[in-house]
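Engineer: compute the structure for the input listed below.
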Amino acid sequence: MIKYILLLIIFCTVIIEGAKNRKQEYQQFRYPTLNGKEKRIEKMEEIRSAERSNLISRLRESVQVEITIGYRIPRGSVKQAKENELLPASKAFVEIDYPNDNIIKYVEPVKQLDMEGRWIAKVQIKGTSKLTLQVYMSGPFAYISNSYSLATVPDDLRTDKNVIIYEIGIDIHSGVRRIQRSIIFEGSALPEGVSMDPRRAIDNPGSDRSLDNRYMLTYCVMSKLAKMTMEKLELTNVGKVKVLVNSRLPTNCVPYDAMIKIGDELMWQPMIMSHEYGHYVQYLAYKSHGVNYIAGGIPGHTICKSISEEQGWSEGYANAFGATIGTLSNLITSKTFHAKDWRNDGTKIFIDSEYYACTNLDLKMETDEGRIMAMIYDLVDSGNDPTEFPDFYKSVPNIYSSQTFNQNWFGNTNFGDTNKDCKFTVKEALVDLLAGGQTNLKSYVQNALNFNSNSNCNKKDYVESIVRYNYGEKSLS
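Structural biologist: Alright, predicted model coming up:
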């Protein structure tokens, strides 16, 4: 009997110990690092946390925020521009900052404006909060600094001490599905609610301490020119241009380094910026034909003044780019090379690309950047000076009042600058005619004379007349 009792005790002990082991294994499987009591507490906290998160999510609402950023074209300064037309801050890099926990998260985080200068994102918000956009003057087409040093673009812009940053504060609140704001830069003064990050570039040695719209205007102009260059000239090698905006710097372009300097307060004149960008495009156009072209620019150059043929070709092409693509970009009024100051809509320079005039009849096209500009413009424009001149003469102030008027100032009256229905496209005039391996005006003219297009017209006769009208006989021989 005792033997059976002992066996029963042993059997029960085994069953009890087995049950304990299975329980421990089960608990270790569920909570491998905690004992039973701690595990239960942690599990309860997880449940409570999930309930709190669900409650917060129900209290917070998803709001779509759409912010448009750009520089407004001055009213009346560009005739073909639409009312209140903006130059967008296309593809500018942005960082987002918000000071409190009313904004729980970004459903769709966005680090860049779109091509129309818009920042579109969704946020979850309870109540009201201020959202700050840090808009970096850097994107795929332009990088803006005001430092004397040659700017380099780091991989992480947040570590860059040279890039210009605008800070834009936006109040957003729940209760609406969509919030739209337009941050319009115009004139020189910063828009309400916009400031500049004083930690970047402004206080660097050699920097320009200007806290105004000049950097935004420059960024918007350069981005627009890049977009139009790709669209109208079909160049695929357009890259990021580094632009140093500093009133104490000279204004010039180093195309092979994709570097432009804008000084002397010329950053308020989009036509001047278009001219400098034209030097970069001429370099790209030749590059597209397999030629490494080093521009022969000259400081302090001007129209109707003798310079070398190499310099004339470089500056004349840049003028023509500014007059054509600048017009298509709504940076200048059609047909004119004019330096409108967009701070106050003032005009410092007025040169008409179609009706260009030089009182020095001994100055030939090859050494006058103005006549080269006029010749290229004549190839893409169907106007004719001799027949249209009377109307032009009545509408433009007489800047030659001290001299007896001579219509030959505008061109050799034995010829004409019309091409009727036989125009070149801007791509043909600014890219295709640079083929052939030679980087000079004569090669350009010869290409124009021998150009075969899809049209049924004979361009050769018109080209010869246009070249002779602009006193370019040397380039025909």
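Engineer: biggest strand in this protein by residues?
Structural biologist: strand 61-72 (DSSP state E).
Engineer: which helices and strands sit right next to that strand?
Structural biologist: Identification of packing neighbours for strand 61-72 by 3 or more C-beta pairs under 8 Å, 6 or more residues apart in numbering; DSSP states H and E yields strand 86-88, strand 118-125, strand 128-136, strand 165-173, strand 178-185, helix 214-232. All C-beta atoms are positioned from the backbone trio N, CA, C, and that covers glycine.
Engineer: now that strand: buried residues?
Structural biologist: Within strand 61-72, the residues scored as buried using 16 or more other C-beta atoms under 10 Å are E61, V63, V65, I67, T68, I69, G70, Y71, R72.
Engineer: now the residue nearest the centre of the chain: how far from L87?
Structural biologist: Against the mean C-alpha coordinate of the chain, by C-alpha atoms, centre = their mean, the closest residue is S223 at 1.4 Å. Counting by C-beta to C-beta, to the nearest Å, the separation of S223 from L87 is 8 Å.
Engineer: with N360 instead?
Structural biologist: Distance of N360 to L87, given as C-beta to C-beta: 37 Å.
Engineer: buried sites along stretch 312-329?
Structural biologist: For stretch 312-329, the neighbour count (16+ other C-beta under 10 Å) marks 312-329 as buried.
Engineer: if we can go back for a sec, out of N360 and L87, which sits in the busier spot?
Structural biologist: For N360 versus L87, neighbours defined as other C-beta atoms under 10 Å are more numerous around L87 (25 against 11).
Engineer: does the more buried one really touch M222, like I thought?
Structural biologist: No. Using C-beta atoms under 8 Å, L87 makes no contact with M222, being 9.9 Å away.
Engineer: which stretches in the chain count as helices?
Structural biologist: 2-30, 36-59, 214-232, 270-288, 309-328, 369-380, 385-395, 426-430, 441-449, 459-469 (DSSP state H).
Engineer: any stretches of the stretch 51-200 of the chain with poor pLDDT?
Structural biologist: Across the stretch 51-200 of the chain, residues meeting the criterion (pLDDT under 70) sit at 51-61, 76-77, 80, 99-109, 148-152, 198-200.
Engineer: 80 instead, please
Structural biologist: Residues of the stretch 51-200 of the chain meeting the criterion pLDDT under 80: 51-63, 75-83, 97-109, 123-130, 148-155, 172-177, 197-200.
Engineer: picking that back up, please identify the most buried of the helices and strands packed on strand 61-72.
Structural biologist: helix 214-232 (a mean of 24; mean count of other C-beta atoms under 10 Å).
Engineer: which of the helices and strands packed on strand 61-72 sits closest to S247?
Structural biologist: helix 214-232 (8.5 Å; C-beta to C-beta).
Engineer: quick check: angle from the closest one to strand 165-173?
Structural biologist: With axes from the mean of the first three to the mean of the last three C-alpha atoms, to 10 degrees defining the directions, helix 214-232 sits at 90 degrees from strand 165-173.
Engineer: any idea of the mean pLDDT in helix 214-232?
Structural biologist: Mean pLDDT, computed over helix 214-232, is 97.
Engineer: and that helix with strand 128-136, angle?
Structural biologist: Using the same axes, to 10 degrees: helix 214-232 against strand 128-136 is 70 degrees.
Engineer: so what secondary structure elements neighbour helix 214-232?
Structural biologist: Going by 3+ C-beta pairs under 8 Å, 6+ apart, helix 214-232 lies up against strand 61-72, strand 86-88, strand 142-145, strand 178-185, strand 241-245, helix 270-288, helix 309-328.
Engineer: between those, which gets nearest to I120?
Structural biologist: strand 61-72 (4.9 Å).
Engineer: chain center to the closest one, what's the gap?
Structural biologist: 19 Å (C-alpha atoms, centre = their mean, to the nearest Å).
Engineer: could you list the paired strands of that strand along with their orientation?
Structural biologist: Strand partners for strand 61-72, identified by DSSP bridges, are recorded as strand 86-88 (antiparallel), strand 118-125 (antiparallel), strand 178-185 (parallel).
Engineer: those: which one's closest to I262?
Structural biologist: Closest to I262 of those, according to C-beta to C-beta: strand 86-88, at 15.7 Å.
Engineer: what does that closest one contact?
Structural biologist: Strand 86-88 is contacted by residues 68-73, 113, 115-118, 184, 217, 220-221, 223-224, 330 when judged by C-beta atoms under 8 Å, 6 or more residues apart in numbering.
Engineer: same thing but at 10 Å, please
Structural biologist: With C-beta atoms under 10 Å, 6 or more residues apart in numbering as the test, strand 86-88 has contacts from 68-73, 81, 113-118, 182, 184-186, 216-217, 219-224, 227, 270, 329-331, 342.
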